[in-house]
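1. Pasting the sequence and the predicted coordinates here, then a few questions.
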Amino acid sequence: MLAQHLHSPQPTAVEPNGDFDELLHEIVLKAQRATNLSQAADIVLTLGGRVAGDEAINMLTLVERQLLETGGSQAIFPRIVGLGALEPAATYLGVTGYGRLRLFQGKTCPKDTIAFAKTQIESAAYRAHEELDQQDRAHQHELTRRFFEQEYAQDLRAVIDRVEFAVDHIDPVVLYINDETFTNFDQYNNLLARNAIKISGYLITDLRQRPLEAWSLNERGLISSIYMLAAAGIRIEEVNGQQMNLGVVESLLRTRYADLCQLSGEPHQSVDLFELPERIVALRRRIRPEYFAFRLVNGLTFNKHEHYMRRGELDISLARLPERISDEINQRYQVGVTDFESLGDYFAAVVKQMPESEPDAPNGLTPYEQLLQLIVSSVMEETRSDIGMTRGLRDFVQWAEWFRTHRFVELCSMPPTDYYCAVFASEEAEQLLRGQGTYQKILTAIAGRMTFNSWHYTPGHCPVDQVPADRHFYVPPKMSDIAVWSDKHHQGHVLAQVRYSIRSPGGLRVNDSKQYGTFDLRLMRREGGSYDLDDLKRARVHTAYLRAIVQAALDQGVSGGHRQVVRAFTKDWYRSL
């Protein structure tokens, strides 16, 4: 099987920094030196060992997979791009600018594909595999027929609306449906105009103007697949960089349903495909008190796999509070950790000791801002991180008041300067970046991007019908994640040479309502290997510390006590470092 030739990513080696284009160029050169088709495909599919084998295989069409199975031992010959036309009957290996491997005959060169190597596969093999492909497409057609003619025949517009919302309010997606690619990523975008502006030439908008019978099988598969994932509460990024159709989605949903049944103790039952989303949503709700979800992210393919962990594995007791934190707090505020039974009570007492004061530290931070720095620095030390940060509202009390009075337009109109991102570097990272002359530039760039993220999430806390039509937003994050290879697409990470990261979002109770993703904790490493689950646990625990602090400040301010407003972490503040 092809899977035997593919390997899992080993993201530990230190290698030259650069963006995705540079990486892809290096990978293609390496693939051209391979001895056979299987080796060359392995190099490109796994992006040089940076993508897991099972995920990489799913990039291929059924015909491509079968051709590699039967013709993998065939020799390949490098092709100098731009010299000579493609031979119609010859077989080529090619790659797109976003990293999709293609295997094709010269007469059928896919769009946006550069052929970098040539091999020989008999035409009879194509014909045999195409027959299998036709059988698979017939299965796809039957599933989409059921979806559109039986399940959702009466409300096609509502289906498109939900799909549009799912695509428009998350990170970029790159989806492969048979030979086609549908994406909203950068210059390759053919899916939906930015901010969901209704412009022709983008598929989701165009489908609104065409009757269902004029849709292709791939288009039907795209819309029905995204809808089913959204209905199950599954983000589309789970199939990023992979083949997606209702058959693939059915397999994913059945696997997720089985996993959730096992976690919840619910008996596994035989369930029709179109009943699965409702069952999955109910089971996710059932296990939430005992488990939390997190994602493992590959920054090269944007793929994000969901996993679960018992909340009991997180020790958020005061007994586990790092001495570095408790000692500094006790020395400064005479608040002893042993005098309290919960994080909430402890940090409420600490925040209560903080007046609305002027900065009293050499770096110009108020006591409240120093407390945020203390928490971030603690988890950076525990997880051996180069950079750590936390973001949020400068004045959560004002924000809460506008929510209480339903002033949603004002909330959506808040400028990015009403948010902050506190970024800190380890001593080693600071020394390195100062030596490169990039310390202030990188911290300012990171803070600016994360501040923008806070601004971008805000409308997601409001009723959708109250959000101004021209105010784009992303859905506020709920899940923590561990990411690898973050330094190839994201320009801020390229600049900061950040390869590995953790994101741990947190929520607050605002006017008796839980608002997710109102702040977060983020950690970054330049090298030394990926973060592991122990690192994630410590990040989650420190996120709980931050939640207790920010919640205490919010509650105190709402009740008329000292009001903690974050004034540091501006562009001028970072320039002064």
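-> Received the coordinates, thanks.

2. Which residue ranges of the stretch 451-577 of the chain form helices?
-> 491-496, 533-558, 571-575 (DSSP state H, counting those that start in this stretch).

3. okay, the ones you listed, which one's buried deepest?
-> Across these, averaging neighbours per residue (mean count of other C-beta atoms under 10 Å) puts helix 533-558 on top, at a mean of 21. Heads up, the C-betas are built off the backbone N, CA and C, glycines and all.

4. Report pLDDT for the closest residue to residue 72 other than its chain neighbours.
-> Computed as C-beta to C-beta, 6 or more residues apart in numbering, the closest residue to residue 72 that is not its neighbour in sequence is residue 38, at 3.2 Å. Listed pLDDT for residue 38 reads 95.

5. isn't there a strand covering residue 38?
-> No - counting by DSSP: H, G, I helix; E, B strand; the rest coil, residue 38 is not found in a strand; it is helix.

6. Can you name the residues that contact the closest residue to residue 456 other than its chain neighbours?
-> Closest residue in space to residue 456, ignoring its immediate chain neighbours: residue 474 at 5.3 Å, by C-beta to C-beta, 6+ apart. Contact partners of residue 474, counting by C-beta atoms under 8 Å, 6 or more residues apart in numbering, are 169-171, 453, 456-457, 460.

7. gap between residue 320 and residue 542?
-> 11 Å (C-beta to C-beta, to the nearest Å).

8. just residue 115 next, same as before
-> Residue 115 sits 50 Å away from residue 542, going by C-beta to C-beta.

9. got the angle for the strand ranked longest in the chain vs helix 533-558?
-> Using DSSP state E to define each element, the chain has its longest strand at strand 513-525. Counting by axes from the mean of the first three to the mean of the last three C-alpha atoms, to 10 degrees, strand 513-525 lies at 140 degrees to helix 533-558.

10. now strand 513-525, how far from the chain's geometric center?
-> 14 Å (C-alpha atoms, centre = their mean, to the nearest Å).

11. Kindly report the same for stretch 62-82.
-> Centre to centre, stretch against its chain (C-alpha atoms, centre = their mean), the figure for stretch 62-82 is 32 Å.

12. For that stretch, could you pull out the residues that count as buried?
-> Residues of stretch 62-82 classed as buried: 62-68, 71-72, 74, 76, 78-79 (neighbour count, 16 or more other C-beta atoms under 10 Å).

13. mean confidence score for that stretch?
-> Mean pLDDT, stretch 62-82: 90.

14. Endpoints of that stretch, how far apart?
-> With C-alpha to C-alpha, to the nearest Å as the measure, stretch 62-82 spans 29 Å from end to end.

15. Need the pLDDT of the residue of the chain positioned farthest from its centre.
-> When distances are taken from the C-alpha mean of the chain, residue 124 lies farthest, 41.9 Å away, according to C-alpha atoms, centre = their mean. The model reports residue 124 with a pLDDT of 78.

16. I'd like the numbering to begin with 39 instead of 1 from here.
-> Sure, I'll start numbering at 39, so the last one becomes residue 162.

17. So what does it look like in phi/psi?
-> Residue 162 adopts backbone torsions of phi -60, psi -30, taken as degrees, to the nearest 10.

18. Look up how far residue 105 lies from it.
-> Residue 162 is 12 Å from residue 105, by C-beta to C-beta.

19. now residue 170
-> With distances taken as C-beta to C-beta, residue 170 is found 11 Å from residue 105.

20. Ok, residue 158 next?
-> Here the criterion is C-beta to C-beta. By it, residue 158 lies 12 Å from residue 105.

21. pLDDT below threshold where in the stretch 339-488 of the chain?
-> Low-confidence segments of the stretch 339-488 of the chain (pLDDT under 70): 395.

22. rerun that using 80 as the cut-off
-> Counting by pLDDT under 80, the low-confidence segments of the stretch 339-488 of the chain come to 394-399.

23. which residues do residue 158 and residue 105 both contact?
-> Contacts common to residue 158 and residue 105, judged by C-beta under 8 Å, 6+ apart, are residue 129.

24. Where do the helices of the stretch 139-288 of the chain begin and end?
-> With helices called from DSSP H, counting those that start in this stretch, the stretch 139-288 of the chain shows them at 161-184, 194-206, 241-245, 255-269, 284-302.

25. quick one: which of those is nearest residue 415?
-> helix 284-302 (35.1 Å; C-beta to C-beta).

26. Name the residues of the closest one that are buried.
-> Quick answer for helix 284-302 (16+ other C-beta under 10 Å): 284-288, 290-291, 294-295, 297-299, 301-302.

27. for stretch 173-185, same thing?
-> 175, 178, 181-182, 184-185.

28. Tell me the one of the residues you listed nearest residue 93?
-> Proximity of the buried residues of stretch 173-185 to residue 93 (C-beta to C-beta) peaks at residue 178, which lies at 20.9 Å.

29. Isn't the closest one up against residue 257?
-> No - judged on C-beta atoms under 8 Å, residue 178 makes no contact with residue 257 at a distance of 11.7 Å.

30. How much space separates residue 342 from residue 554?
-> 17 Å.

31. need the helices of the stretch 489-615 of the chain in JSON lines with distance to residue 347 and mean pLDDT, can you?
-> As requested, these are exported to JSON lines (distance: least, C-beta to C-beta, whole Å; pLDDT from 0 to 100):
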{"stretch": "helix 529-534", "distance to residue 347": "25", "mean pLDDT": "59"}
{"stretch": "helix 571-596", "distance to residue 347": "7", "mean pLDDT": "97"}
{"stretch": "helix 609-613", "distance to residue 347": "35", "mean pLDDT": "95"}
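
32. As CSV, those with distance to residue 217 would be great.
-> Output for these, formatted as CSV (distance: least, C-beta to C-beta, whole Å):
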stretch, distance to residue 217
helix 529-534, 30
helix 571-596, 38
helix 609-613, 47
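
33. since we're on the nearest residue to residue 234 once chain neighbours are set aside, how many residues are nearby?
-> Among residues not flanking residue 234 along the chain, residue 206 sits closest, at 4.4 Å (C-beta to C-beta, 6+ apart). Neighbour count of residue 206, defined by other C-beta atoms under 10 Å: 20.

34. Quick check, pLDDT for residue 206.
-> Turning to residue 206, the model gives it a pLDDT of 93.

35. likewise residue 237?
-> Residue 237 is given a pLDDT of 88.

36. go on, residue 545?
-> So, for residue 545, pLDDT stands at 96.

37. dump the residue contacts of the nearest residue to it once chain neighbours are set aside.
-> Spatially, and ignoring its direct neighbours in sequence, residue 545 is nearest to residue 554 (4.1 Å; C-beta to C-beta, 6+ apart). For residue 554, the contacting residues are 514-516, 543, 545, by C-beta under 8 Å, 6+ apart.
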